[in-house]
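J.: everything below, folded, please.
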Amino acid sequence: MLTKTLKNVWLQKELWPTPQYDRNDQPHFLFIVTPPFSGSTALCKLLNSGNRTMLLHERGEGQWLVPGLCSDDRWESEMTVDVSSVKASWISRYQEIKKLVSAVDVVIEKSPPNMMRLEKLVDCFDDVSLLANNRNPYANCASILYRNFDTRSLSRDERLSTLDRLAADWLHRSRKILSLIQHFDIPLITYEQFCEDPSSVIDLLDFPDAVTESIDPHATIEVKDYGAIPVSNQNHRQISQLTAEDIRAISSRLRKERDLLHDFGYCLMDTGKREKP
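T.: Next up is the predicted model:
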């Protein structure tokens, strides 16, 4: 029994580490509330072009610093989270970076599952601001399909079933984002708006002037395997990979919640036609 108890204690510490940190030195946290594959990496990397900002992880997702946040149920709102471990791990990383770059005082954090426990995270940290992001659902579904699945091995039925599920995920996460926008009065910038005018995001930030002035809206950034390029809209390229049947499958799911699409400025694509991104 003792051995089993000790093993459980060890496992708990592995999942939820609590590194030491100076409680008198805490940064401003910007939480970007976003679905996955919605341009948030480009967004956070552009915001990180200044010398006053930093990312907790190279992908901008602090969840990878806390093993307990990376479990298979991380998208479940009922998942038990040790917020004291999250706080210690994230502030400890900030203080490590600050030793190397003393000007840093803003942390940009965009782990997509944060939306499922945002209220707890907001209460956990002393100085927080929020920004919401979303992307055209057809482009989002196409991006996930071609990044996460071997499309050559999917049968027709498997492909359509996968796209239906991805569209359902977009709706579920967008409902959550909309509820958070309304609850916290969060400013929203869509992927499309950001790509059209990257500087527009700066006006939405609740940062000190010195921080926003250091951000370069024209910076080149590296996202996935695109190489270092200026911010550019990839929607047309992503959607062009979908067949007319794919689009009908996605639209069939989205049609049930047209109002939600409109809330984010999106609409259904005509069956068999490509919509301008």
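J.: residue ranges with poor pLDDT in the protein?
T.: Low-confidence regions of the chain, defined by pLDDT under 70, span residues 1-11, 224-227, 271-277.
J.: can you do 80?
T.: 1-12, 222-229, 270-277 (pLDDT under 80).
J.: tell me where the longest helix sits in it.
T.: Counting residues, the longest helix found in the chain (DSSP state H) is helix 156-184.
J.: number of nearby residues for residue 263?
T.: Close neighbours of residue 263, defined as other C-beta atoms under 10 Å, add up to 17. In short, each C-beta sits where N, CA and C put it, glycine included.
J.: contact partners for the residue lying closest to it once chain neighbours are set aside?
T.: Spatial nearest neighbour of residue 263, excluding adjacent residues (C-beta to C-beta, 6 or more residues apart in numbering): residue 178 at 5.8 Å. Contacts of residue 178 were listed using C-beta atoms under 8 Å, 6 or more residues apart in numbering, and they are 260, 263-264.
J.: mind putting those residues in JSON lines, secondary structure and distance to residue 39 included?
T.: Listed next are the contacts of residue 178 as JSON lines, based on DSSP: H, G, I helix; E, B strand; the rest coil; distance: C-beta to C-beta, whole Å:
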{"residue": "260", "secondary structure": "helix", "distance to residue 39": "19"}
{"residue": "263", "secondary structure": "helix", "distance to residue 39": "18"}
{"residue": "264", "secondary structure": "coil", "distance to residue 39": "13"}
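J.: closest one to residue 26 out of those, please.
T.: residue 264 (32.7 Å; C-beta to C-beta).
J.: the residue nearest to residue 263 and residue 188: what is the separation?
T.: From residue 178 across to residue 188, the span is 9 Å (C-beta to C-beta, to the nearest Å).
J.: can you list residues touching both of these two?
T.: With C-beta under 8 Å, 6+ apart as the test, residue 178 and residue 188 both reach residue 264.
J.: all the helices of the stretch 51-200 of the chain, residue numbers only.
T.: 83-100, 118-124, 137-148, 156-184, 191-196 (DSSP state H, counting those that start in this stretch).
J.: where does residue 232 land in three-state SS?
T.: coil (DSSP: H, G, I helix; E, B strand; the rest coil).
J.: that one: what's it in contact with?
T.: Neighbours of residue 232 in contact, by C-beta under 8 Å, 6+ apart: residue 195.
J.: then residue 85?
T.: Contacts of residue 85 by C-beta under 8 Å, 6+ apart are 16-18, 66, 68.
J.: now it: closest residue in space, sequence neighbours ignored.
T.: residue 16 is the one closest to residue 85 (C-beta to C-beta, 6+ apart), at 3.7 Å.
J.: do you know how far the closest residue to residue 70 other than its chain neighbours is from residue 139?
T.: Distances taken as C-beta to C-beta, 6+ apart place residue 63 nearest to residue 70, at 5.8 Å, with adjacent residues excluded. Residue 63 sits 24 Å away from residue 139, going by C-beta to C-beta.
J.: cool, residue 219 as well?
T.: 23 Å.
J.: name the residue in these two with the higher neighbour count.
T.: More neighbours surround residue 139 than the other of residue 219 and residue 139, with 27 against 16 (other C-beta under 10 Å).
J.: is it true that the more buried one touches residue 240?
T.: No - the pair residue 139 / residue 240 is not scored as a contact, 9.9 Å apart, by C-beta atoms under 8 Å.
J.: what sits up against stretch 163-170?
T.: Residues beyond stretch 163-170 that count as contacts (C-beta under 8 Å, 6+ apart) turn out to be 35, 137, 140-141, 144-145, 246, 249-250, 252-254.
J.: by neighbour count, which of those residues wins?
T.: Busiest of the contacts of stretch 163-170 [other C-beta under 10 Å] is residue 141, holding 30 neighbours.
J.: who's in contact with that residue?
T.: Taking C-beta under 8 Å, 6+ apart, one finds 163, 166-167, 170, 242, 250 in contact with residue 141.
J.: do the same with residue 24
T.: Residue 24 touches nothing, counting by C-beta under 8 Å, 6+ apart.
J.: now do the same for it: helix, strand or coil?
T.: Taking three-state DSSP, the label given to residue 24 is coil.
J.: out of the contacts of residue 178, which is nearest to residue 54?
T.: Taking these together and measuring to residue 54 by C-beta to C-beta, the closest member is residue 264, at 29.0 Å.
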